[in-house]
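Trainee: dropping a prediction and its sequence here:
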Amino acid sequence: MSIQATRGTRDILPEEISNWQRVEAIAREILGRAAYQEIRTPIFEQTDLFERGIGETTDVVGKEMYTFKDRGDRSITLRPEGTAGVVRSYIEHGMHTQGDVQRLWYLGAMFRYERPQAGRQRQFHQLGVEVLGSADARADAEAIAIASDILQSVGLKNLTLQLNSIGDANDRQAYRTALIEYLTPHQEKLDSDSQNRLTKNPLRILDSKDKQTQEILQGAPSILDYLSSESQQRFDRVQALLQDLGIACNINARLVRGLDYYTHTVFEIQSDDLGAQATVCAGGRYDGLVSQLGGAETPAVGWAMGLERLVILLQQIQQSVVNPVDLYVVSRGEKAEAQALNLAHSLRRSGFTVKLDMSGSAFGKQFKRADRSGAIACLILGDSEAENGTAQLKWLKSGAQSEITQSELMNNPATLRQQFEENA
């Protein structure tokens, strides 16, 4: 029996990787222009970090974490999300003492034990940003604008921003009381998960996908009616800033997000092209998380973007972009093959993309592979070329062929580059 990838994981194959690289490159460029700095945190952390940070009553902590004991009998968890680890690093390394707002971003694998489906695996990848140290509504708007820029720059369309405010702790407590009061008479008609959440985490009931529960929620109070005047003014400011940026949004009073650390602004960017799993980016403000994890009171806002879902959308709107090959090198004979390796290495160092055929098969089979490679030109070395220190340069589109010395190829690549401009 052959060994296969574990359920909930998948290989990212060479024909897919160009879309991943394109998304990553665009994100790096946009985040770099906005002066965000990359941070890389461990894939596993102490379990307590996620229990305290995400919340013990959330589905992520209660049902989905990959947790185990290490050889020191310590409880360790593969990270289910990126924010808690970034905040732990922020506290541990004293970033708050650096006297400036920390604009950070990360990219990496996360792990949750969920039912695998399109765009949602048990090992998945997220791109995320965290802005720590600013309570200004402009930080919220900037974070959303950067996410929007990344999604639009990779070519996605049919995107909708869903926006809400869940206020501060006092606002949520008042709303929590009102929501429990409304839902209690309907408790027996709620789905089982919602029944369990009613007294522990009633706001999470708003996320229920159960049809009957959603019908009951139609008459539920809105959290927007329980915002203090300060929270409402802040929410109005975020909306005005987004409008100034030309970013349209839908106010969705049912949007609460699945993690306990959120405050004030919460949002999701959704695509109409992805079916049931419509959210490609989500986040919000989490002003209490740093202090909750042992740091000083620090306002913060951030988001995470699921790369699997993003790549699915990208593949729907365009063909994968194959990394172009400039030169395909064909050789036969011991001396010619050694020279071909040396020549390919030198040309790569000069900036050309070179694929070296190492099959040792007949010229005819190597030429067929050269044609299939999509290369612009083919370099051919046989016994004669090896003796003379030359190579045959064949332009695959036109079939034109000429002889060129190996020394010129290695010592004067500008000549070859000029020929590429004329023949590409």
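Mentor: Right, received. Where do you want to start?
Trainee: break this structure down into its structural domains.
Mentor: Following automatic domain parsing, one gets these domains for the chain: 14-168+228-317, 327-423.
Trainee: what about the last one, start to end distance?
Mentor: Distance between the boundary residues of domain 327-423 (C-alpha to C-alpha, to the nearest Å) amounts to 13 Å.
Trainee: the longest one too?
Mentor: The straight-line separation of the ends of domain 14-168+228-317 (C-alpha to C-alpha) is 19 Å.
Trainee: in the longest helix anywhere in the chain, which residues are buried?
Mentor: The longest helix of the chain (DSSP state H) is helix 14-33. By neighbour count with 16 or more other C-beta atoms under 10 Å, helix 14-33 contains the buried residues Asn19, Trp20, Arg22, Val23, Ile26, Ala27, Arg28, Ile30, Leu31. For the C-beta atoms, the positions are set from N, CA and C on the backbone; glycine is no exception.
Trainee: need those in TSV with distance to Arg348, can you?
Mentor: Below are these laid out as TSV (distance: C-beta to C-beta, whole Å):
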residue	distance to Arg348
Asn19	24
Trp20	22
Arg22	22
Val23	25
Ile26	25
Ala27	27
Arg28	23
Ile30	29
Leu31	29
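Trainee: looking at the domains of the chain, which one is packed in the most?
Mentor: Most buried of the domains of the chain by mean neighbour count (mean count of other C-beta atoms under 10 Å) is domain 14-168+228-317; its value is a mean of 18.
Trainee: so for that one, what's the average pLDDT?
Mentor: On average, the pLDDT along domain 14-168+228-317 is 90.
Trainee: if we can go back for a sec, just the buried residues of helix 14-33 now: which is nearest His96?
Mentor: Leu31 (21.2 Å; C-beta to C-beta).
Trainee: isn't the closest one right up against Trp105?
Mentor: Yes: counting by C-beta atoms under 8 Å, Trp105 is a contact partner of Leu31 at 5.0 Å.
Trainee: can you pull the residues that touch both of these two?
Mentor: Glu38, Val129 (C-beta atoms under 8 Å, 6 or more residues apart in numbering).
Trainee: the residue nearest to Ser165 when sequence neighbours are not counted and Val256, how far apart?
Mentor: In space, Ser165 comes closest to Phe235 once its chain neighbours are excluded; the distance is 3.9 Å by C-beta to C-beta, 6 or more residues apart in numbering. In this structure, Phe235 and Val256 are 14 Å apart, going by C-beta to C-beta, to the nearest Å.
Trainee: over to Glu114?
Mentor: 19 Å.
Trainee: kindly report the same for Ile26.
Mentor: On the measure of C-beta to C-beta, Ile26 and Val256 end up 30 Å apart.
Trainee: hmm, back to that, who does the helix or strand just after the longest helix of the chain pair up with?
Mentor: Using DSSP states H and E, the helix or strand that follows helix 14-33 towards the C-terminus is strand 37-38. Partners of strand 37-38 in the sheet, by DSSP bridges, are strand 102-111 (parallel).
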